[in-house]
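Build me a model:
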Amino acid sequence: MYAVNHLEGFGTLLESGAKVTFLGSATPKTSGATSFTFSSQSFGQTVPAGAVLVMCLTSDASGANRNYNGCTVNGNAASPNAVSPNGLTMVGIYQYVAPSDMSSATIVVSSNGTAGGCTLDMFMLENLQSTTPIGTFVTTGTTPANSDPTTTFSPTDTGNVAIAVALNIGTGAITWIGLDVQATQAMNVFAAHVATAAMGNDLETLIAITADCATPNRPRMAAAYWR
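Numbers count the residues shown, from 1 in each chain. This next block holds a predicted model:
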């Protein structure tokens, strides 16, 4: 929702406050590759010029240490916000400021070696005070611990928005604590991989986010928040 509504001048209603909207999920890529092309992904609505398109990614590293090399939108580089280092699982949040109105885009994700599949969830950010995230988090380490990834952000004001993405190796569900679940995908590479993304609007001055895995198996999470 919009965080603030106020009147200026002769009763003109102006809407302000950061807002995040879920745009949809691409069909997961389930085979190994160094590059994954998600062609002509429809957003289901218009992403207006100046709004921020956010891509949430997860991949298995095919038994080797891998990380994302980058993400492009219609051939233009997206900015990395929270991207995991070399490891056996991969998560990432990238963003791209729309140069003009967009209703779809081709999104290409690359890694530094063969990755075992890729998931893509898309969000839109509007009415931001700054397109630069105020805070970010990503699970580090080559092999994450078998425990639920969690982070806490402490904004100095209310009206914040957040996006997070997580990957767990196993069939158990991931339940978000602190955010609303927007998408859950299964990526059947070697074994079942559960990926999920979430968002939150109008968040307060303490944002505690946990990806609660039914059976934690090397889970990894990335998260970011804006205002």
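
Find the residue at the geometric middle of this protein.
The central residue of the chain, meaning the one whose C-alpha is nearest the mean C-alpha position (Cα atoms, centre = their mean), is residue 56 at 3.0 Å.

Can you tell me the element it falls in?
Mapping residue 56 onto the secondary structure by DSSP states H and E places it in strand 52-60.

per-residue confidence averaged over that strand?
Confidence for strand 52-60, expressed as mean pLDDT, is 95.

next one: stretch 103-121
Per-residue scores along stretch 103-121 average to 94.

Buried residues, that stretch. List them.
By neighbour count, with 16 or more other Cβ atoms under 10 Å as the criterion, the buried positions of stretch 103-121 are 105, 107-112, 115-121. Every C-beta, even on glycine, is put in place using the N, C-alpha and C of the backbone.

And stretch 119-136, by the same measure?
Within stretch 119-136, the residues that qualify as buried are 119-128, 133-136, counting by 16+ other Cβ under 10 Å.

pLDDT weak spots in the chain?
Low-confidence segments of the chain (pLDDT under 70): 1-16, 187-192.

which other helices and strands contact the lengthiest strand in the chain?
With DSSP state E applied, the strand covering the greatest number of residues in the chain is identified as strand 102-126. If you count contacts as 3 or more Cβ pairs under 8 Å, 6 or more residues apart in numbering; DSSP states H and E, strand 102-126 packs onto strand 19-25, strand 29-47, strand 52-60, strand 68-73, strand 89-97, strand 160-169, strand 180-189, strand 191-203.

in its sheet, what does the longest one sit against?
If I follow you right, that is strand 29-47. Sheet pairing for strand 29-47, assigned by DSSP bridges, gives strand 102-126 (antiparallel).

Next secondary structure after the partner strand?
strand 135-138.

Max pairwise distance over the buried residues of stretch 119-136: which two?
With distance counted by Cβ to Cβ, no two of those lie farther apart than 119 and 127, which are 27.5 Å apart.

returning to what we had before: so what's the residue nearest to the centre of the chain bridging to?
Beta bridges link residue 56 to residue 93, residue 121 when assigned by DSSP bridges.

Roughly how far does it sit from residue 149?
Distance from residue 56 to residue 149, counting by Cβ to Cβ, to the nearest Å: 14 Å.

Is the residue nearest to the centre of the chain in contact with residue 109, as I believe?
No: proximity of residue 56 to residue 109 does not meet the contact threshold set by Cβ atoms under 8 Å, at 10.9 Å.

Residues in contact with both of these two, list them for me.
Overlap between the contact sets of residue 56 and residue 109, as judged by Cβ atoms under 8 Å, 6 or more residues apart in numbering, is given by residue 120.

on that earlier part again, need the contact list for the residue nearest to the centre of the chain.
With contacts defined as Cβ under 8 Å, 6+ apart, residue 56 is in contact with 91, 92, 93, 120, 121, 122, 123, 163, 164, 165, 197, 222.

Who are the contact partners of residue 166?
With contacts defined as Cβ under 8 Å, 6+ apart, residue 166 is in contact with 58, 91, 149, 174, 195-197, 211, 213, 219-222.
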